[in-house]
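Colleague: coords below, sequence missing:
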């Protein structure tokens, strides 16, 4: 440290000025690059939120259409036509339809994911994973929460995760109520002996959208680094020119 001070004292005034200027400009470039990084990161998060909201809105609109129009129409059709069929999974289950639609969506957007899970699902594939169980527990303990959102790491990749609780509605009890009242066609596909004890308003499960962030964040980091390096190179060229 003393040696550095000694060397600095013996430098010419112009050299000291240039070093001081270099330090100040380096600090400025660093701060400017950091500001750009966080600005672009916030922009990327806002874009990810818009994408998640758009996906959830579209999926919910599809589910509402099935629940409010398609399924009642099919029930009436079965009754009026004296058809023995009482349930068509591919056309009447909102969870099945939402999941299948999002599977087709994922063929083009591989990194995105959609999950609709329940603590007691009809289809065992819709059981929650450990992460989703924690969120479900949080919803149970804090019923006033209508939405959960955060950046989460999965397999070294970052995702914006937006989750909404699913509460039991009266229409849900047709399939998710007592076994004796459940459609026989549904029980053939997913047999069960025990009744579901859901009541209207109970927390049944959750719906989650996983929007990938890793590529966006890497690109933003590259932009910030290139901005810093470009600024420093410009400064060095100017100092060399001055010399």
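Modeller: Great, that's in hand. This is a predicted model, so every value here is computed, not measured.

Colleague: Give the next helix or strand downstream of the helix or strand of the chain with the lowest mean pLDDT.
Modeller: Lowest on mean pLDDT, DSSP states H and E among the helices and strands of the chain sits helix 2-9, with a mean of 54. Next helix or strand after helix 2-9 toward the C-terminus (DSSP states H and E): helix 13-65.

Colleague: Now that next one: average pLDDT?
Modeller: Helix 13-65 shows a mean pLDDT of 87.

Colleague: And for stretch 72-92?
Modeller: Mean predicted lDDT for stretch 72-92 stands at 89.

Colleague: For it, buried residues please.
Modeller: Neighbour-count burial for stretch 72-92 flags 74, 78, 86-89, 92 (criterion: 16 or more other CB atoms under 10 Å). (C-beta placed from N, C-alpha, C; glycine too.)

Colleague: residue ranges for the helices of this structure, please.
Modeller: 2-9, 13-65, 71-80, 89-92, 94-106, 130-141, 173-176, 184-189, 214-242 (DSSP state H).

Colleague: Just put those helices in TSV and tack on distance to residue 167.
Modeller: Output for the helices of the chain, formatted as TSV (distance: least, CB to CB, whole Å):
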stretch	distance to residue 167
helix 2-9	67
helix 13-65	13
helix 71-80	18
helix 89-92	20
helix 94-106	14
helix 130-141	10
helix 173-176	12
helix 184-189	21
helix 214-242	33
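
Colleague: For residue 198, find the nearest of those helices.
Modeller: helix 173-176 (5.5 Å; CB to CB).

Colleague: quick one: contacts of that closest one?
Modeller: 87, 93, 120, 122, 168, 181-183, 186, 196, 198, 200, 204 (CB atoms under 8 Å, 6 or more residues apart in numbering).

Colleague: Make a markdown table out of the buried residues of stretch 72-92 and add distance to residue 233.
Modeller: Formatted as a markdown table, the buried residues of stretch 72-92 follow (distance: CB to CB, whole Å):
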| residue | distance to residue 233 |
| --- | --- |
| 74 | 68 |
| 78 | 74 |
| 86 | 73 |
| 87 | 68 |
| 88 | 66 |
| 89 | 63 |
| 92 | 64 |
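
Colleague: Farthest pair within those residues?
Modeller: Pairwise across the buried residues of stretch 72-92, and taking CB to CB, the largest span is found between 78 and 89, at 14.1 Å.

Colleague: quick one on the thing from earlier: which one of the contacts of helix 173-176 has the most neighbours?
Modeller: Greatest neighbour count in these, by other CB atoms under 10 Å, goes to residue 93: 23 neighbours.

Colleague: neighbours of the nearest residue to that one once chain neighbours are set aside, just the number please.
Modeller: Nearest residue to residue 93, sequence neighbours excluded (CB to CB, 6 or more residues apart in numbering): residue 175, at 7.3 Å. If you count neighbours by other CB under 10 Å, residue 175 ends up with 20.
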